[in-house]
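Asker: got a structure for you, letters missing:
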């Protein structure tokens with residue numbers, strides 16, 4: 001399944017709830033979220049910047065990934 005936020009592949013074991021971590025011997029890699037990609041995506045969602053999106057209910061889970069200065073720089077890099 002593709003993550004709607006960053007486009008990364010998202011998996012979980014046997015699609016069960018609650019989600020479980022994969023076994024240690026599996027070949028599942030970790031994904032880092034790219035702040036510039038996130039800012040570009042946020043800009044396409046109702047003309048919001050990433051800083052505004054991170055304040056929404058949907059954005060709150062991602063708000064601690066980057067500090068305020070990083071978010072502002074990313075927004076400036078994608079907002080015309």
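Answerer: Great, that's in hand. These numbers come from a predicted model, not from an experiment. Residues are numbered from 1 along each chain as shown.

Asker: Against residue 35, how distant is residue 52?
Answerer: 15 Å (Cβ to Cβ, to the nearest Å). Glycine gets a C-beta too; all of them are placed from N, C-alpha and C.

Asker: actually residue 67, sorry about that
Answerer: Residue 67 is 10 Å from residue 35, by Cβ to Cβ.

Asker: who has more neighbours, these two?
Answerer: When neighbours are counted by other Cβ atoms under 10 Å, residue 67 and residue 35 differ, and residue 35 comes out ahead with 19 against 8.

Asker: Now name the helix or strand holding the residue nearest to the more buried one when sequence neighbours are not counted.
Answerer: Spatial nearest neighbour of residue 35, excluding adjacent residues (Cβ to Cβ, 6 or more residues apart in numbering): residue 74 at 4.4 Å. Residue 74 is located in helix 68-78, with elements delineated by DSSP states H and E.

Asker: can you pull the buried residues of that helix?
Answerer: 71, 74, 75, 78 (16 or more other Cβ atoms under 10 Å).

Asker: How about stretch 42-60?
Answerer: In stretch 42-60, counting by 16+ other Cβ under 10 Å, buried: 42, 43, 48, 49, 50, 51, 52, 53, 54, 59.

Asker: quick one, what contacts the third one?
Answerer: So the one you mean is residue 48. residue 42 (Cβ atoms under 8 Å, 6 or more residues apart in numbering).

Asker: ok, it to residue 34 distance?
Answerer: 18 Å.

Asker: Next: the fifth one.
Answerer: Relative to residue 34, residue 50 is positioned 11 Å away (criterion: Cβ to Cβ).

Asker: what does the fourth one give?
Answerer: In this structure, residue 49 lies at 16 Å from residue 34, with Cβ to Cβ as the measure.

Asker: Can you verify my assumption that residue 39 contacts residue 50?
Answerer: Yes: using Cβ atoms under 8 Å, residue 39 is in contact with residue 50, at 4.1 Å.

Asker: Overlap in contacts, the two.
Answerer: With Cβ under 8 Å, 6+ apart, residue 39 and residue 50 have common neighbours 71, 74, 75.
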